[in-house]
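Asks: How does the following fold in three dimensions:
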Amino acid sequence: MDTTRNILEIDEERCDGCGACVLDCAEGAIAIVDGKAKIVSDSFCDGLGACIGSCPQGALRIIQREAVPFDEEAAMEHVRTRDSAQPRSGNHHAPHGRPDGHGVHGHYGLARQPEGAEGAERAGQAGRAGHGHGHSGGHGGCPGSMIRSFAKADTPLFGVSAMAEGPVSGPGHWPLKIRLVPPTAPYLKDADVLVAADCAAAASPLFHSHFAKGKVVLIGCPKFDDTDAYAQRLADILATSGIRSMTVLRMEVPCCRGLTAALAKARELSGTNVPLNEMVMTCQGAPAPTPLA
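Replies: The predicted structure is shown next:
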């Protein structure tokens, strides 16, 4: 029976058939058909919009309309069936570098990166086309995209070894992406939440032992994702989950400030007084005294 719910809408005029959305849809709801992204079945679309940030043309959005309910079991069976029919090696793409109608996922919906020179070129094209930043060459003037190399430090970060505090476990919950975490997730109850830039864990060996210790971690990238969607999801979490506090951990580069802005907007939307804090990490993984200009 149809109900009014969130579901993906694809603007075929804007869509160039690059297939990036196919890679980001774990439920297999999208395929490239005749050079355009199409919804395979409404029942495979969960309406969360995890694919939206991947589209370099801005052809995707979430709307509300009548549709059959999301059927997770059917979606996962569709992904398994689709992927089992794909060759496990060789060319995963149709001519002209477009994914074929079956998508380019690996087993159970996990995305496989396109291989070889074609994959590298497609990745470069997506980076240059994405989100109107106009990057070219090394960084196009944006400190967040600037290529840098750092010499190995003679002394460990913070003056301690990364393992000085003993073995460190991971976050202990899933999912981690901001837009995938339901506001009713049980691990949010009475939690201190860390909203971290997704570069942070890779940038610092002390991410879990220092920055994220004792916190529930949510991650995102304000440069490539929709920060309004972040703000709404965080507002829902603030309003319904019963968390104790929320801290943003952003990188020092200016483009990461959107994470702090999203959190501030979220508290305004939620009408709550949950304590908000900010931490800034340098590109070398240490606490930053001041952000980059």
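Asks: hang on, isn't Ala191 packed against Leu238?
Replies: No. Counting by CB atoms under 8 Å, Ala191 does not reach Leu238; the two are 11.8 Å apart. Bear in mind the C-beta positions are built from the backbone N, C-alpha and C, glycine included.
Asks: More neighbours: which of those two?
Replies: Leu238 (25 against 21; other CB atoms under 10 Å).
Asks: contacting residues around that one?
Replies: Leu238 makes contacts with Met246, Ala266, Arg267, Ser270, Thr272, Val274, as judged by CB atoms under 8 Å, 6 or more residues apart in numbering.
Asks: out of these, which are inside helices?
Replies: With DSSP state H as the criterion, helices contain Ala266, Arg267, Ser270 from among the contacts of Leu238.
Asks: need the residues you listed in TSV with pLDDT and neighbour count, can you?
Replies: Shown next, in TSV, are those (pLDDT from 0 to 100; neighbours: other CB atoms under 10 Å):
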residue	pLDDT	neighbour count
Ala266	94	26
Arg267	93	19
Ser270	94	18
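Asks: nearest spatial neighbour of Pro175, skipping sequence neighbours?
Replies: Val181 (5.7 Å; CB to CB, 6 or more residues apart in numbering).
Asks: Quick one, grab the pLDDT at the closest residue to Thr184 other than its chain neighbours.
Replies: Take Thr184 and drop its neighbours on the chain: the residue closest to it by CB to CB, 6+ apart is Thr240, 6.6 Å away. Thr240 is assigned a predicted lDDT (pLDDT) of 91.
Asks: Kindly report the same for Asp2.
Replies: In this prediction Asp2 is given a pLDDT of 86.
Asks: in a strand, that's where Leu259 is, yeah?
Replies: No. The assignment for Leu259, made by DSSP: H, G, I helix; E, B strand; the rest coil, is helix rather than a strand.
Asks: Could you look up the SS state of Leu218?
Replies: Applying three-state DSSP to Leu218 yields a three-state assignment of strand.
Asks: Check which helices and strands the helix or strand containing Val22 sits against.
Replies: Per DSSP states H and E, Val22 falls inside helix 20-24. If you count contacts as 3 or more CB pairs under 8 Å, 6 or more residues apart in numbering; DSSP states H and E, helix 20-24 packs onto strand 30-33.
Asks: Only the buried residues of the strand it packs on, if you could.
Replies: Residues Ile30, Ala31, Ile32 are the ones in strand 30-33 that count as buried (16 or more other CB atoms under 10 Å).
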